[in-house]
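**Student:** Give me a model of this one.
(one chain, ligands or ions: 2)
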Amino acid sequence: MQSSVWRAAGLAAAILLMADCSQHVASPARAVPRDAATSANVDAFVATHLVLDLTADFDAKTLSGTAELLFNRRDPKATEVVLDTRDLLIRQVETATREGPWTRSTHRLDLATPAFGSALRITMPSGADRVRIAYSSSPAAKGLQWLTPAQTAGKKQPFLFSQAQAINARSFIPLQDMPGVRVTYEATIRTPAELVAVMAAERTAGEAGTGLFHFSMPQPIPSYLIAIAIGDLRFKAMSERTGVWAEPALLDAAAREFEDTETMMRTAEALYGPYRWGRYDLLVLPPSFPFGGMENPRVTFATPTVIAGDKSLVALVAHELAHSWSGNLATNATWSDFWLNEGFTTYLERRIVEATYGKGVAEMHGVIGLRDLAQSRRDLTVARDRTLQPDLAGRDPDEAYSTVPYEQGALFLSFLEAKFGRGAFDQFLRRWFDEHAFQPVTTAEFLEALRTQLMAANPTAVRDDEIQEWLQSETVPAFAVLPMSDALVKVEQARDLWLAGGTIDALAKTASAWSTQEWMHFVDALPRQMEIGRLRALDRRFSLTDSQNAEIAHVWFRLAIANRYTAAYPAMERYMIRIGRRKLIVPLYRDLSATSDGMALATRIYAKARDGYHPLAQGAVDVILKPKNS
Ligand code: BES
Ligand code: ZN
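**Tutor:** Ligands and ions are numbered 1, 2, ... in the order given. So this is what the prediction gives:
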């Protein structure tokens, strides 16, 4: 008894030493939460460390080399370890004991399923706790996009980037692809000499021109946070610990746009505790990046469409930065707990925006988020996906992706803030991140913390049935504390005046000081059936069709489609070919597909655009445009 306690303590100490960082504490004895999207047999083996040695071949569009996994063996009798893979070519598998030599082993790939790929079953000799797999990714890997030079800003060099969340790491690394398992890692990356590799890790060696880079990730992370980008990338510092990576043509504009990052970090640290990842950089991707941003640790990946020139879209930085606490430290245990990542982060994002740009700006974001939530719920076909607890059995979590976990989650936390008071709630959140740093978290654990910490001290503030309604309701509860924005109310008044016959000059006078969010709200709140002459007048005066702000252009194109304002279509087509960010293009395809001539146009545009899209964007648009009944 006593000796096993000592052994456990020794193991914990060894893990701390190995990771060379006293900030995080791994608890190897804890049962790993099961996720519906993995085949991994975590009762028998739990990965703790990963060693990659990969070569990027831009002609073959493959990453190939070896992945070595070190396991904590939980079942001494287990004879097989099961990993997640998707479309990987497995060349050879070896196993070893902790210090022993590598020996060839046998393996078997299960039949692939569209949702999860194929389980890789590796025979493990007695005592073995390491595997080394020689493999290549497929050119069609779901988690990678291989770009031609034409798809980049510089037009001269190709580009590669990964997007592992939710379950796409398995398409470029065989591993236990689930958020409840965390690994530290090291990587050797070999690239064409003219390119630079960046990983969501610390670069420990390698310089531009050498084609050889080494990385190390000392903090344990879930597989969905493994990330790599390779291209003609340069770095520019913004502060001691923040900077941007981008193609040369975008570098200065990006550094200017994101210059408030250090200020945001200090705000976040004051509220939620120390930033535990060392550096915080941003990497600007080509416009086909299917998301706005991805919170890869130490280096957020971001769409270039947020570089508006006026910092008006940098709430995205606040959001991805906030994930350094909600998500990257305290990680959703399963993809059904996704709201613990995104709802918390959306709430934190607004707090950072409020501290950096003022309450009025944060309120506008809240109101716009609430509208997005309603719209997003209407678009969902599976009822449970409209709640904070979707049923993901048998499904790729990406299928259930929507604004619901973001905005319903953030509203839930805002409700708690209002009921318990900001001071108490801030303290509660800070403790949550401290106590769950580098750990998986479940909704049940959140409710338990809520009960024992906030509700115990203030038993009448909220009721159990209210909490349950937040989690289970397909709508915003009637007792929610809704965001309100005076600025956006004024926008609605200006809209009403203009629609009631006001002149465009009068509107222009009011609108001259509008921010991006006010413009977005104005356009979004215009009727879906308007006189074409009025749309044309707006367009002439404010050049909306040619807006260089990707968010304003997006709401304008949706209005144009609803009103069949075809003068906007050529610009919309260029936009849909250039940009691959799902949130900006998928609604346009969906709106177009509602009518038969719209469907024909969407199909024509997609024929030109599809090759340039990321596999995840292709998947989303394919579903919309596939002929019905087939
Ligand atoms: N982690 C998400 C992106 C994500 C979620 C990728 C699920 C794959 C699966 C990221 O933090 C995010 O939410 N990005 C948003 C931007 C944000 C400002 C709301 C996006 O990409 O639109
Ligand atoms: Zn997020």
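**Student:** Alpha carbons of stretch 456-469, as PDB, please.
**Tutor:** Extracted C-alpha coordinates of stretch 456-469, given in PDB (Å, rounded to 0.1, in the frame of the first residue of the first chain):
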ATOM      1  CA  ALA A 456     -23.300  26.900  -1.500                       C
ATOM      2  CA  ALA A 457     -22.300  30.500  -0.600                       C
ATOM      3  CA  ASN A 458     -25.400  32.000  -2.200                       C
ATOM      4  CA  PRO A 459     -28.200  29.300  -2.200                       C
ATOM      5  CA  THR A 460     -31.000  31.500  -3.500                       C
ATOM      6  CA  ALA A 461     -29.300  33.100  -6.500                       C
ATOM      7  CA  VAL A 462     -30.200  30.500  -9.100                       C
ATOM      8  CA  ARG A 463     -32.400  27.400  -9.100                       C
ATOM      9  CA  ASP A 464     -31.500  23.900 -10.200                       C
ATOM     10  CA  ASP A 465     -34.200  23.800 -12.800                       C
ATOM     11  CA  GLU A 466     -32.800  27.000 -14.300                       C
ATOM     12  CA  ILE A 467     -29.400  25.400 -14.600                       C
ATOM     13  CA  GLN A 468     -30.900  22.300 -16.200                       C
ATOM     14  CA  GLU A 469     -32.800  24.500 -18.700                       C
END
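**Student:** residues of that stretch that come out buried?
**Tutor:** Neighbour counts over stretch 456-469 (16 or more other C-beta atoms under 10 Å) mark 462, 466-467, 469 as buried. For glycine as for every other residue, the C-beta is placed from the backbone atoms N, C-alpha and C.
**Student:** Kindly report the same for stretch 154-161.
**Tutor:** For stretch 154-161, the neighbour count (16+ other C-beta under 10 Å) marks 157-161 as buried.
**Student:** so which of these comes closest to Arg108?
**Tutor:** Using C-beta to C-beta, Leu160 comes nearest to Arg108 of the buried residues of stretch 154-161, at 29.9 Å.
**Student:** Which strand residues bridge the closest one?
**Tutor:** In this structure, Leu160 bridges to Trp146, Ile230 when assessed by DSSP bridges.
**Student:** Can you name the residues that contact it?
**Tutor:** 56, 58, 144-147, 228-231 (C-beta atoms under 8 Å, 6 or more residues apart in numbering).
**Student:** Repeat the analysis, applying 7 Å as the threshold.
**Tutor:** 56, 144, 146, 229-231 (C-beta atoms under 7 Å, 6 or more residues apart in numbering).
**Student:** and if you look at Arg234?
**Tutor:** Counting by C-beta under 7 Å, 6+ apart, Arg234 makes contact with 246, 248, 251.
**Student:** Might you report the residue contacts of the first one?
**Tutor:** Yep, that's Ala246 we're talking about. By C-beta under 7 Å, 6+ apart, the contact list for Ala246 reads 233-234, 254, 284.
**Student:** Which pLDDT does the model give it?
**Tutor:** According to the prediction, Ala246 has pLDDT 98.
**Student:** low-confidence ranges in the stretch 501-630 of the chain?
**Tutor:** Applying pLDDT under 70 to the stretch 501-630 of the chain flags the ranges 628-630.
**Student:** how about the helices of it, start to end?
**Tutor:** 504-511, 516-524, 532-542, 550-563, 569-578, 582-592, 596-609, 615-625 (DSSP state H, counting those that start in this stretch).
**Student:** out of the contacts of Arg234, who's near ligand 1?
**Tutor:** Among the contacts of Arg234, proximity to ligand 1 is found for none (C-beta under 6 Å from any ligand atom).
**Student:** Work out for me the element Phe99 sits within.
**Tutor:** You called it Phe, but residue 99 is Glu. Using DSSP states H and E, Glu99 sits in no helix or strand.
**Student:** Could you double-check that Glu257 sits in contact with Lys311?
**Tutor:** Yes - look at Glu257 against Lys311 with C-beta atoms under 7 Å: they come within range, at 5.8 Å.
**Student:** Looking only at neighbour counts, state which of the two leads.
**Tutor:** Remark: of Glu257 and Lys311, Glu257 carries more neighbours, 25 against 18, as counted by other C-beta atoms under 10 Å.
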